[in-house]
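Novice: Fold the stuff below for me.
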Amino acid sequence: MKKMMAILSAGFLLLCGCAQQTAETQPQETEEAEIQETPAVEKEETAETEEEMIMKLYINDIETEVKWEDNAAVQELKNLVRDEPLYIETSAYGGWEQVGDIGHRLSSNDVRQTAQPGDIMLYTGSQMVLFYGNNTWAYTKLGTMVYSSDEELRSLLDVPECTIKITIE
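Specialist: Here you go, the predicted model:
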């Protein structure tokens, strides 16, 4: 009888110890699961926020639609204008482009190419060039302006100077 009591007592203590360990382990697993879920939600919200943010370009206060490229230079440009607009003073050059210093160096992947009217290019990593004519050189393409006619584009850019404003809205 004493032997039976000792076995039952030992079994009872063993079961109590296992139950306590399981109870202590369970909340920890739940906390880890909650921690793992949180970053996914934050990433989802960040992706939605970035999709809602549209980078816009203004030439002398006239909004100009742009199809931006998907590259590192454009992403860096978006980061530059996230908190405040970027203003670029440009000058006419060669009878086919406006060129101005961005004031920052962006990643470049220059490729020899012929710029077409409407193209926006990065030159030497820190100059933005907006084309209303053609030119062949090594550039990193940033985007293409959407315009209704060559005359419309030329009237915007074929002037001695422009103020370019880039924002996120």
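Novice: Name the SS class of A73, please.
Specialist: Classification of A73 by DSSP: H, G, I helix; E, B strand; the rest coil places it in helix.
Novice: That one touches L142, doesn't it?
Specialist: Yes: A73 lies in contact with L142 (CB atoms under 8 Å); the separation is 6.1 Å. Where C-beta positions appear, they are placed from N, C-alpha and C, glycine not excepted.
Novice: who touches both of the two?
Specialist: The contact sets of A73 and L142 overlap at L122 (CB atoms under 8 Å, 6 or more residues apart in numbering).
Novice: Quick check, P160 in contact with E89.
Specialist: No: using CB under 8 Å as the test, P160 is too far from E89 to be in contact (11.4 Å).
Novice: ok, the two, which is more surrounded?
Specialist: Of the pair P160 and E89, E89 is the one with more neighbours under other CB atoms under 10 Å, namely 12 against 8.
Novice: If you drop the residues flanking it in sequence, what lies closest to the more buried one?
Specialist: G100 (5.3 Å; CB to CB, 6 or more residues apart in numbering).
Novice: tell me which helix or strand of the protein sits lowest on mean pLDDT?
Specialist: helix 2-52 (a mean of 46; mean pLDDT, DSSP states H and E).
Novice: Against which helices or strands is the helix or strand that that one is followed by packed?
Specialist: Going down the chain from helix 2-52, the next helix or strand is strand 55-59, by DSSP states H and E. Based on contacts counted as 3 or more CB pairs under 8 Å, 6 or more residues apart in numbering; DSSP states H and E, the elements that strand 55-59 packs against are strand 62-64, strand 66-68, helix 72-81, strand 161-168.
Novice: mind giving me the domain split of this structure?
Specialist: Listed by automatic domain parsing, the domain ranges of the chain are 1-52, 55-168.
Novice: rewinding a little: which positions within whichever strand or helix holds the residue nearest to E89 qualify as buried?
Specialist: Per DSSP H and E: G100 is located in strand 97-101. Of the residues in strand 97-101, 97-100 count as buried by neighbour count, 16 or more other CB atoms under 10 Å.
Novice: same deal with stretch 108-122?
Specialist: Buried-residue list, stretch 108-122, by 16+ other CB under 10 Å: 108, 115, 117-122.
Novice: Let me know the closest of these to K56.
Specialist: I120 (12.6 Å; CB to CB).
Novice: Check whether the closest one sits in a helix, strand or coil.
Specialist: Once three-state DSSP is applied, I120 turns out strand.
Novice: Let me see the contact set for it.
Specialist: Applying CB under 8 Å, 6+ apart, one finds that I120 lies in contact with 57, 66, 128-131, 141-145.
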